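Chemist: 3D model of this:
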Amino acid sequence: MAESAIEWTEVTWNPSTGCDRTSPGCDNCYALTLAKRLQAMGQAKYQRDGDPRTSGPGFGLTLHPDVVDAPRHWSGSRTVFVNSMSDLFHEGVPLSFIRDVFDVMVETPQHQYQVLTKRAKRLAQLAPELPWPPNVWMGVSVETQRYAFRLTHLRQVPAAIRFVSAEPLLGPLALDLTDIDWLIVGGESGPRARPMDIDWVRALRDAARAAEVKFFFKQWGGRTPKAGGRELDGRTWDAMPAVSTPVK
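Modeler: Predicted structure coming up:
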């Protein structure tokens, strides 16, 4: 577990690390850059290199069975971003391992788990093989209109909360928000950050409000995540779905 600076979560849990680029939103992946730095520091989780065509130093997909049980030992209740440094539905992650992760989430209902993937097709294929307790939030990333099909796959998943992360938002989006509970929007950060148009953000905010979907504006982005601030039209937008309450 690691404390997180991401505004919509509290801590991160990484049963796997490493990934491969799958769409334009991955081009300036913060996790890949961080993995390279952690590898140079000698951190054991990031010593496996990935394919240089799709990944990079320290970012080869690696499973960490010793980390899977960690939430069982945490005190209190937390909001947990699952695999901030990987993708649980990456093609290289076996179904048996994904099941182990889901079993832990089932058995720790005091925590809220936020799972985010770009592999929406595999998510939909495997969803019938997995338990879906009310404390698991399932989301997909959509950075341009070309990848809006990921919502179609997400709607096939019987998650209590379905969400969309339009980050980094790289172009205007027209999304069908039917059966979606939460929409996150954010700009890209880093030295090669691509700009985000305010009208793209406003259109998504207005669509979310019209569909009665919770809207969270994470950041404008820039050289650093905080460079552009978080305000849209003079205020912050921090709506989130209601948290499930475990049965006692």
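Chemist: got a list of contacts for stretch 176-185?
Modeler: When contacts are defined by Cβ atoms under 8 Å, 6 or more residues apart in numbering, stretch 176-185 is touched by residues 8, 137, 139, 148, 151, 154-155, 161-167, 169, 175, 201, 204-205, 207-208, 211, 213-218, 239-241. C-betas here are computed from N, CA, C, even on glycine.
Chemist: which ones among those residues lie within helices?
Modeler: Judged by DSSP state H, the subset of the contacts of stretch 176-185 located in helices is 151, 154, 201, 204-205, 207-208.
Chemist: between all of those, which two are separated the most?
Modeler: L154 and V201 (21.1 Å; Cβ to Cβ).
Chemist: circling back to that earlier point, any of the contacts of stretch 176-185 buried? List them.
Modeler: Among the contacts of stretch 176-185, the ones that count as buried by 16 or more other Cβ atoms under 10 Å are 8, 137, 139, 148, 151, 154-155, 161-167, 169, 175, 201, 204-205, 207-208, 213-218, 240-241.
Chemist: so which of the residues you listed sit within strands?
Modeler: Using DSSP state E, 137, 139, 161-166, 214-218 are the members of the buried ones among the contacts of stretch 176-185 that sit in strands.
Chemist: pick the one among these closest to G187.
Modeler: The closest of those to G187 turns out to be K218 (Cβ to Cβ; 8.2 Å).
Chemist: what residues are up against the closest one?
Modeler: By Cβ under 8 Å, 6+ apart, the residues touching K218 are 6-8, 167, 184-186, 230.
Chemist: tell me where this protein is predicted with low confidence.
Modeler: For the chain, applying pLDDT under 70 flags the ranges 247-248.
Chemist: show me where it has its helices.
Modeler: Using DSSP H, the helices of the chain run over residues 30-40, 65-68, 95-107, 120-126, 149-154, 198-210.
Chemist: possible to save the ones you listed as a markdown table with distance to A2?
Modeler: Conversion of those to a markdown table gives the following (distance: least, Cβ to Cβ, whole Å):
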| stretch | distance to A2 |
| --- | --- |
| helix 30-40 | 11 |
| helix 65-68 | 11 |
| helix 95-107 | 17 |
| helix 120-126 | 24 |
| helix 149-154 | 26 |
| helix 198-210 | 29 |
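Chemist: let me see the contact set for the residue nearest to V82 when sequence neighbours are not counted.
Modeler: Spatial nearest neighbour of V82, excluding adjacent residues (Cβ to Cβ, 6 or more residues apart in numbering): V115 at 4.6 Å. Counting by Cβ under 8 Å, 6+ apart, V115 makes contact with 82-83, 88, 136-139.
Chemist: start to end distance for stretch 201-221?
Modeler: 13 Å (Cα to Cα, to the nearest Å).
Chemist: err, stretch 101-120, not the other one
Modeler: End-to-end distance for stretch 101-120, by Cα to Cα: 18 Å.
Chemist: and that stretch, what's buried?
Modeler: 101-102, 104-105, 108-109, 111-120.
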